[in-house]
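In: Structure for this input, please:
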Amino acid sequence: MDVRVDVKNGQSGRADLKLIDSEKGRVGRRTIVKGAAWSLPVVAVAGAVPAFAASQVCAPVSGSYGTAPLVRNPATSGVPFSESSNSATATITQVYADNRAARGSGNNLQYVRTIPLSLTAGCCYTFTSASYASAAAPYSAASSGVSGLIFFENETRFNVATRGVTFSDWPGATQVNVGTDPANGVRTSFSFRFCATETRVHNYYQFFRVAPAGVPAAGNPGTSDDLRFEELIISVG
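Out: Coordinates of the predicted model:
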């Protein structure tokens, strides 16, 4: 696996990740829902990569997310969440949601988007994309962190988190420092290479997990950091 992460205005949590650039951006917020937690999907492990024939014809593959929906976990009774500006387009997936569950409760808010990609046996592909994390608007001293994970063919390909958030089932997250200004987020680029051994649909998973920020109180909106995954580019060879 070849992974490269670019970060500016943040910090790396893994030795095999390199730092690079940043970007600014922001959108608005929020509506009440409820949520719980999921596990990563079970995916069949592919066999050893064969010696590919030089004559193999590998057609271009679109990295479009198409109309794949962004799905929230089944509701957890009695746990309040607030969300708005969540978006699932052909080029971005973003979660701008507040988890109002009590801190330390373990009631994480989680979403997943599953993008089906048709790949050809004997062909190798390079996947390139980026995450963009930022403080919530408005920022609060009670703001909680968020984590995003890319899962593809039985492997975690990329994992990013804010405010020191860690999950035992999502180890090795790259921690980025988004600070307190919603307009100054952190863009983290990543890429990995994959050689297909079967001609079939391969699912590319984008996971989002929002840690509990606490119940709102006067002067404490209990907000959570925001996160999006940007356009996916797939090159052949």
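
In: Contact partners for the most centrally placed residue in the chain?
Out: Taking Cα atoms, centre = their mean, the centroid of the chain lies closest to Gly148, which sits 3.1 Å from it. Counting by Cβ atoms under 8 Å, 6 or more residues apart in numbering, Gly148 touches Ser131, Ala133, Phe158, Asn159, Val160, Ala161, Gln206, Phe207, Phe208, Arg209, Leu227, Phe229. Just so you know, the C-beta spots here come from the backbone N, C-alpha and C atoms, and that holds for glycine as well.

In: where does the chain have low pLDDT?
Out: Counting by pLDDT under 70, the ranges of the chain that qualify are 1-55, 75-79, 215-222.

In: can you map out the helices along it?
Out: Here the chain has no helices by DSSP state H.

In: Check the offset of stretch 93-104 from the chain's centre.
Out: Between the centre of stretch 93-104 and the centre of its host chain there is 14 Å, according to Cα atoms, centre = their mean, to the nearest Å.

In: Could you work out the end-to-end span of that stretch for me?
Out: End-to-end distance for stretch 93-104, by Cα to Cα, to the nearest Å: 27 Å.

In: what comes up buried for it?
Out: Neighbour counts using 16 or more other Cβ atoms under 10 Å place Thr93, Gln94, Val95, Tyr96, Ala97, Asp98, Asn99, Arg100, Ala101 of stretch 93-104 among the buried residues.

In: Grab the nearest non-local neighbour of the second one.
Out: The spatial neighbour of Gln94 that comes closest, neighbours along the chain excluded (Cβ to Cβ, 6 or more residues apart in numbering), is Arg228 at 3.4 Å.

In: what do you get for the third one?
Out: In space, not counting the residues next to it along the chain, Val95 is nearest to Phe208; the distance is 4.3 Å by Cβ to Cβ, 6+ apart.

In: That neighbour: neighbouring residues, count only.
Out: As a burial measure, Phe208 scores 26 neighbours (other Cβ atoms under 10 Å).

In: my guess is it contacts Leu227, does it?
Out: Yes - assessed by Cβ atoms under 8 Å, Phe208 is found in contact with Leu227 at 6.0 Å.

In: so what sits against both of these two?
Out: Val95, Val146, Ser147, Gly148.

In: Which of these sits closest to Ser85?
Out: Closest approach between the shared contacts of Phe208 and Leu227 and Ser85, by Cβ to Cβ: Val95, at 8.9 Å.

In: residue contacts, the residue nearest to Val95?
Out: Counting by Cβ under 8 Å, 6+ apart, Phe208 makes contact with Thr93, Val95, Gln110, Tyr111, Val112, Val146, Ser147, Gly148, Leu227.

In: Isn't the residue nearest to Gln94 up against Thr93?
Out: Yes - the pair Arg228 / Thr93 is scored as a contact, 6.4 Å apart, by Cβ under 8 Å.
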